[in-house]
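Engineer: Model the following, please.
(chains A and B)
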Amino acid sequence: MPDENQQPPQAPQPNPERKTLDDRAKMTELERIRHSCAHVMATAILRLWPDAQFAYGPPVENGFYYDMELKHRIAPEDFEKIEAEMKKEIKANNVFERIVVTREQAIAQAQSGRLGGLTDRPGNASKFKLDLLQQIPEGEPISYYKNGDFIDLCAGPHVMRTGNIGAFKLTSVAAAYYKGDEKGPQLQRIYGTAFKNKTALDEYFKMLEEAKRRDHRKIGAEMGLFAIDTEFVGPGMPLWLPKGTVLVEELEKLAKETEFAAGYVRVRTPHLAREKMYKTSGHLPYYAESMFPPIELDLLRGKPDEIAKREALGEEVAFLRSQVLSAAADLVVGDNPLIGDVDLVGNDDEEFQLQKMQTLWEDGTLMAGAGIVGEFVAKQQNWELMQPELYYLKAMNCPHHHRIFAAEPHSYRDLPLRLAEYGTCYRYEQSGELFGLMRVRSMNMNDAHIYCTEDQFADEFRAVNEMYLKYFKIFGLEKYQMRFSTSAPEGLGKKYVNEPELWKKTEDMVRRVLIESGINFVEVANEAAFYGPKIDVQVWSAIGREFTIATNQVDFAVPARFGLQYKDRDNTMKTPLCIHRAPLGTHERFIGFLIEHYAGNFPLWLAPDQVRVITIGAEDDPASAPLIAYAKGIAAELRGQMVRVSTDFSNSPIKGKIQDAEQLRVHTMLVIGGRDMDAGAVSVRLHGKGPQGAKAKGEVVAEILAAIRERRA
RNA sequence: GCCAAUGUAGCUCAGUGGUAGAGCAACGGUUUCGUAAACCGUAGGUCGUCGGUUCAAUCCCGACCAUUGGCUCCA
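Structural biologist: Numbering: from 1, shown residues only, chains lettered A, B, ... in the order given. Modelled structure (predicted):
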């Protein structure tokens, strides 16, 4: 809801995401069309609702949007009206005229409401434009773009005339925060798309239709792969049905074979760990909100007397605490020369004061009030020991693996140590973020942690990348990109562990390996994990949609927090580096991706229904008995070789049985009639590819087994 | 978590202020059929949940839950 009283922040921070003029000049023809279309949409909206205030209106991957504040709530029913006005503006073929102004002129016109408007709008200043003006660095030219009556603060570039916008359509309306700031005003955002011509626009919508057809939620339900039982299990926690479990286990098999060959060893860990685990790892308190709330294990449960004692002690501790705090205040007021420490002055952080008092007491500096502090420290410790224990569901596997490393002494000879596990993790994703299998709260990660020395790092990291490429090949992924996320100096000590040299060293190492092994990557600053640089792996499905499926991180910080060490050649203890890697990401997201990628038509090795034996003749017909026996023999032979085979000996007409199997997406159908039986043959039909003709039984069986073993596409 | 839309049978969807309908799937039967549907029948629903208005609510109103599209987030 636009709030009239809510003003944009008065002293905006420079926006690091802000595009420079150079960046803007690189806009493609299509981006110019879309950016221009955003202006045309604003023009149309102003004709309908002249009080609208506009914020940002950029081109985006599949179109454009414009954010605005407007009392009227735009609904999809309004699109037709807006589009009609847009068509008029395009038909008028107005020139996009660039006007360079001074900062003073721009501020004056923003104050009069002229910017992002069709006319002056007294009393309705262009408040977002005023804010945007403040972000333009001194010395950078300030420009307007004008089409017809509409004038917008804009660095461009645009197409020549409104008529150059070939074809467009408004697509959706959504809410968006001003500058993406959750605390900022919430604006209405209208999305649209535009193309050079109608043909390209139609193609785009066709692609969307295709994506809808391949939607993993739709196909997952059709094929009986998974269910999300929000009522009994909970939102975001998929149940794998038998056929989906086939996919899960085939992927695990692939990963286990691949990792075994690459020298990994497997481990298993519980789903829970004590609070200390995540305090040590550093995940608490920073990521507490992404974790499920802890399970409280009260050792005094069922002992009311003990609980009463604990409560009494709690009150006593609270009282002593206030005594210590007032002693701290006295110290400062009294300016005790013995202390010689003025840290306490002006610092009203109670925890800090308590800590300081405790330190002074411990080193014997404290004279007055020492008794109280001592009592407080002792009783507080006692009280803390009586508190319930907290156990957290794990949101990541690394801490458990670190403890496995710590469970045994290690020497440099043990390294690299590669611990792999399909570990189940739980993350409390916000309700609005859940999305089918793609964003869930319970997930199975293809996880492993590689502990290695600095010298080994490059080889290990390279091997991990090669594993990614191997998987891409199996799944026929032709387009991929690795996003190399690095730190930013201003985040050190806040968002990132404060180890500037280690950051630089590891980032350099990662960059070098990426370049040396010819990996397709882009580098993005300020998106690393808190413990080290990160590589997100993006892949594109068969229909060209992008998915971030895997992640790969370098960790030079957390092993040290856990005190992990190995004894080096020189007999000194050293801390290993750790590479977190999950090439197949989570089962949930990866299978969601595969469903779309294959449109549910999985290759034979993955297909939940690999083979179905279909007879021309029914089991309940005595005349067909020899045929059924022949068919059962084939099914049994395949089943004996671990092939997932089903049979259909029902009395339905053959066309019906074929259709059932096709709709189920059974990969290979073996259609068997009297002719086949007499020839010792089977007729093969492949899903989506039709009949392949009859072949000798032995040949067909061998072919099926080979295709599965080789994981043929 | 925020904004909006949606929620009727396993699936796709109709429908009405007077206690619900179709097609497909399922089940039963007839048919004995050579590669995407032969025919007949049966069963299936507290109309997301809770509350309010009303003589009467699946329908009107409110809250909640869930899903979807976005935003924010994604160690």
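Engineer: can you list the weak-confidence ranges in the stretch 251-400 of chain A?
Structural biologist: A:331-348, A:365-369 (pLDDT under 70).
Engineer: Could you tell me which residues of it lie near RNA strand B?
Structural biologist: Taking CB under 7 Å from any atom of the strand as the measure of proximity, the stretch 251-400 of chain A contacts RNA strand B at A:H283, A:Y287, A:S290, A:M291, A:A395, A:M396. Heads up, the C-betas are built off the backbone N, CA and C, glycines and all.
Engineer: Of the residues you listed, grab the buried ones for ChimeraX.
Structural biologist: A single ChimeraX command selects the buried members of those (16 or more other CB atoms under 10 Å):
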select /A:283,287,291,395,396
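Engineer: so the residue nearest to A:N552 when sequence neighbours are not counted bridges to which residues?
Structural biologist: Leaving aside its chain neighbours, A:N552 sits nearest to A:I535 (4.2 Å; criterion: CB to CB, 6 or more residues apart in numbering). When bridges are called by DSSP bridges, A:I535 pairs up with A:F484, A:N552.
Engineer: Tell me which residues touch A:I535, please.
Structural biologist: Going by CB atoms under 8 Å, 6 or more residues apart in numbering, A:I535 touches A:M482, A:R483, A:F484, A:S485, A:V510, A:L514, A:F521, A:T551, A:N552, A:Q553.
Engineer: In three-state terms, label the residue of the stretch 401-550 of chain A found nearest RNA strand B for me.
Structural biologist: Checking the stretch 401-550 of chain A residue by residue against RNA strand B with CB to the nearest atom of the strand singles out A:G432 as nearest, at 2.2 Å. When classified by DSSP: H, G, I helix; E, B strand; the rest coil, A:G432 comes out as helix.
Engineer: Mean pLDDT per element in chain A, and the minimum belongs to which helix or strand?
Structural biologist: Counting by mean pLDDT, DSSP states H and E, chain A has its least confident helix or strand at helix A:21-25, which shows a mean of 67.
Engineer: any idea which helix or strand comes after that one?
Structural biologist: Going down the chain from helix A:21-25, the next helix or strand is helix A:29-48, by DSSP states H and E.
Engineer: State the mean pLDDT of that next one.
Structural biologist: Across helix A:29-48, pLDDT averages out at 90.
Engineer: anything in it sitting right up against RNA strand B?
Structural biologist: No. Helix A:29-48 does not reach RNA strand B (CB under 7 Å from any atom of the strand); its nearest approach is 14.7 Å.
Engineer: got the buried residues for that helix?
Structural biologist: For helix A:29-48, by 16+ other CB under 10 Å, it's A:31-47.
Engineer: cool, and stretch A:375-394?
Structural biologist: A:F376, A:V377, A:K379, A:Q380, A:W383, A:M386, A:L390, A:Y391, A:Y392, A:L393, A:K394.
Engineer: what's the answer for stretch A:702-713, then?
Structural biologist: Those would be A:I704, A:A707, A:I708, A:R711, for stretch A:702-713 by 16+ other CB under 10 Å.
Engineer: would you say A:A420 is within a strand?
Structural biologist: Yes. Counting by three-state DSSP, A:A420 falls inside a strand.
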